[in-house]
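Enquirer: predicted model, plus sequence, below.
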Amino acid sequence: MTDRKKQIHDLAMADTVSNGKIALPVIMGIEVLMILNWFFVMPQHWRQSADGVWHLVGYIALLLCSGAVLWMIHRHGKDTVRMQLTQDIYAGFFVVWSLLFTLLDAHDGNGFSVIIYVTIITIVPVICYLPMGLWFALEGIGSVAMLVMGWRWQQSFSAYAANFLIFVLVSVISTCAYVSMRRRNYTRLLELEDASYSDALTGLKNRRSADEMMEKLQQEENLTVVCFDVNNLKRTNDTQGHKAGDDLLIRAAECIRESFGEGYRTGGDEFMVFSLDFRPEQVEDFRCLTRAREISVAVGYASSAEHPGATPEELERLADAEMYRDKACDKRV
């Protein structure tokens with residue numbers, strides 16, 4: 001599993017584990033009520049009918065299985081491997097259980113109904129994050145079984161058609177919910193990735209992103225690294241407050257973006273640019289822009305054309321040294 005797929009998987013597992021902590025006690029409560037109903041309200045049904053006994057066994061089995069899954073969630077909720085296996089088994093059991101109960105009801109003379117199955121197939125995507133293949137396999141098996149049972153036990157074609165339409169509608173809804181959950185988690189991952197690679201204040205990329213870009217540019221022969229340092233940031237913070245200092249950084253970032261395109265904030269008042277089509281005139285244009293906006297920024301750059309064989313890291317150090325020389329000149333002025 002790739003890092004991105006694993007992150008999406010972990011996000012989805014966290015969602016379903018959280019949902020399971022709410023849904024499973026509800027399911028268990030319903031099963032307890034059903035068991036009590038069969039014991040005290042309709043005792044003659046399960047005592048005199050084999051199908052009634054199987055109904056009771058089914059309620060007890062679902063109660064125990066749901067309890068075991070809830071225990072796993074509280075005990076191993078952060079272990080995604082165990083939770084995935086648990087959810088796969090529970091989803092399969094849940095769907096098979098619904099099919100058997102539908103069959104029991106039809107065989108017991110209660111008529112064929114898709115209600116139990118469609119209820120279960122709606123709940124499963126909420127509390128179980130399944131591999132796509134397993135999800136569609138369960139839906140496929142369930143669909144075929146329901147169609148066959150409906151044809152076998154339905155008393156009229158109109159009732160069969162009504163059940164079929166309900167079944168199709170809920171199956172589509174549950175599939176859409178399943179796909180939507182997967183898309184939502186993918187979107188959340190992209191947002192988290194974007195946040196982890198961006199500087200929240202300036203909107204530029206951050207140091208982590210710059211380091212990864214340097215790895216990608218190792219073999220580039222026409223690379224220029226430009227380093228920037230915003231002058232007087234500490235004085236601005238001390239005399240005008242941090243809001244004014246933040247505004248200074250934001251305006252400096254805007255000048256970098258307008259002059260060089262994509263930039264990186266690599267430290268408190270430090271920025272960097274990688275360029276494969278660098279022109280020295282860009283630096284002069286940048287200086288004119290900052291002066292027009294009353295910002296003082298020291299600049300230094302180094303290119304692989306002037307330093308053949310230099311790595312991006314070495315070019316960064318050379319550009320950084322030139323930038324500090326420029327900063328020293330600005331202080332003398």
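Expert: Good, I have the coordinates. Residues are numbered from 1 along each chain as shown.

Enquirer: mind listing the helices for the stretch 1-150 of the chain?
Expert: Along the stretch 1-150 of the chain, counting by DSSP state H, counting those that start in this stretch, helices occupy 3-36, 43-48, 50-76, 80-107, 115-127, 132-153.

Enquirer: most tightly packed of these?
Expert: helix 115-127 (a mean of 20; mean count of other C-beta atoms under 10 Å). Yep, even glycine has a C-beta here, placed from its N, CA and C like the rest.

Enquirer: walk me through the domains of this protein.
Expert: 3-197, 207-332 (automatic domain parsing).

Enquirer: could those domains be laid out in JSON lines, adding mean pLDDT?
Expert: Shown next, in JSON lines, are the domains of the chain (pLDDT from 0 to 100):
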{"stretch": "domain 3-197", "mean pLDDT": "73"}
{"stretch": "domain 207-332", "mean pLDDT": "90"}
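
Enquirer: hmm, back to that, can you tell me which of the helices of the stretch 1-150 of the chain is nearest to K216?
Expert: Nearest to K216, of all these, is helix 3-36, at 16.4 Å by C-beta to C-beta.

Enquirer: which helices and strands does the closest one pack with?
Expert: Counting contacts by 3 or more C-beta pairs under 8 Å, 6 or more residues apart in numbering; DSSP states H and E, helix 3-36 packs against helix 50-76, helix 80-107, helix 115-127, helix 157-197.

Enquirer: how about the helices in the stretch 201-333 of the chain?
Expert: Here the stretch 201-333 of the chain has its helices, by DSSP H, counting those that start in this stretch, at 207-216, 233-240, 242-260, 280-292, 312-332.

Enquirer: let's have the ones you listed in CSV, adding distance to G77 and mean neighbour count.
Expert: Output for the helices of the stretch 201-333 of the chain, formatted as CSV (distance: least, C-beta to C-beta, whole Å; neighbours: other C-beta atoms under 10 Å):
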stretch, distance to G77, mean neighbour count
helix 207-216, 29, 15
helix 233-240, 44, 14
helix 242-260, 40, 18
helix 280-292, 52, 14
helix 312-332, 42, 16
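
Enquirer: just send those helices back as TSV, with distance to G29 too.
Expert: Shown next, in TSV, are the helices of the stretch 201-333 of the chain (distance: least, C-beta to C-beta, whole Å):
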stretch	distance to G29
helix 207-216	47
helix 233-240	58
helix 242-260	52
helix 280-292	67
helix 312-332	61
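
Enquirer: so which of those is nearest S304?
Expert: Using C-beta to C-beta, those put helix 312-332 closest to S304, at 6.6 Å.

Enquirer: could you check the angle helix 207-216 makes with that closest one?
Expert: 130 degrees (axes from the mean of the first three to the mean of the last three C-alpha atoms, to 10 degrees).

Enquirer: give me the contacts around helix 312-332.
Expert: 214, 217-218, 220, 223-229, 231, 272, 274, 296, 298-304, 307, 310 (C-beta atoms under 8 Å, 6 or more residues apart in numbering).

Enquirer: and for the closest residue to L276 other than its chain neighbours, the neighbour number?
Expert: Nearest residue to L276, sequence neighbours excluded (C-beta to C-beta, 6 or more residues apart in numbering): N222, at 5.5 Å. Applying other C-beta atoms under 10 Å, we find 11 residues neighbouring N222.

Enquirer: got the contact list for N222?
Expert: Taking C-beta under 8 Å, 6+ apart as the test, what N222 contacts is L276, D277, S303, S304, A305.

Enquirer: now with 7 Å, please.
Expert: L276, S304, A305 (C-beta atoms under 7 Å, 6 or more residues apart in numbering).
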